[in-house]
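> Pasting the sequence and the predicted coordinates here, then a few questions.
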Amino acid sequence: MRETIGAASGLVRLAFLVQNLYAEVGRGCDLTEAQARMLCVLTNGSVGMAELSSQLCLERSSLTGLVDRAEQRGLVVREADPHDRRAVKVSLTPAGSTAVHRFHAELTERLEKLTAELPIAERERFTRTLQRLVADVPVLFAD
């Protein structure tokens, strides 16, 4: 007999599953989970430190260390904000772009396998439901 779970419990378990895959794929791409998240955010262009801190839910001191380590690895660069001399923006380098695209491709492949066994109609319904649930969440990577 199949276990019956509620929506909240199912979403928490799904989040746990996705988070574990995210971390596992990140390790395979030589990225920490935090680095992978930051690089995904930066795929849409330069982001100021304050906005990056907000999007990643990190304190400024933690973000500074994360950016420092990614910069030392050649994944990101800091640039002066042309509109605010006091602000700094963070951008992907070519190496960072390569790393995040590899990460995205591998993660997408692994996540697609989760739904591959579902009948097409069920998979399409699940996709439509996900689209409604995440409608107000910023796009980090377009498929």
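On my side now, so go ahead.

> and the residue nearest to the spatial centre of the chain, how far is that from Leu58?
Here the mean C-alpha position of the chain is nearest to the C-alpha of Arg37 (C-alpha atoms, centre = their mean), at a distance of 3.9 Å. According to C-beta to C-beta, to the nearest Å, Arg37 stands 9 Å off from Leu58. For the C-beta atoms, the positions are set from N, CA and C on the backbone; glycine is no exception.

> coming back round to it: Provide a list of residues in contact with the closest residue to the residue nearest to the centre of the chain other than its chain neighbours.
Distances taken as C-beta to C-beta, 6 or more residues apart in numbering put Leu56 closest to Arg37, at 5.9 Å, once the chain neighbours are dropped. Leu56 sits next to Ala34, Arg37, Met38, Val41, Leu63, Leu66 when contact means C-beta atoms under 8 Å, 6 or more residues apart in numbering.

> Val18 versus Glu3, what's the distance?
Counting by C-beta to C-beta - Glu3 and Val18 are separated by 19 Å.

> ranges for the helices of the chain?
7-28, 33-42, 49-56, 60-72, 94-115, 120-133 (DSSP state H).

> looking at these, which is buried most?
helix 33-42 (a mean of 21; mean count of other C-beta atoms under 10 Å).

> relative to helix 49-56, how tilted is that one?
Here helix 33-42 runs at an angle of 120 degrees relative to helix 49-56 (axes from the mean of the first three to the mean of the last three C-alpha atoms, to 10 degrees).

> by contact count, what packs against helix 33-42?
Judged by 3 or more C-beta pairs under 8 Å, 6 or more residues apart in numbering; DSSP states H and E, helix 33-42 is in contact with helix 7-28, helix 49-56, helix 60-72, strand 76-81, strand 84-92, helix 94-115.
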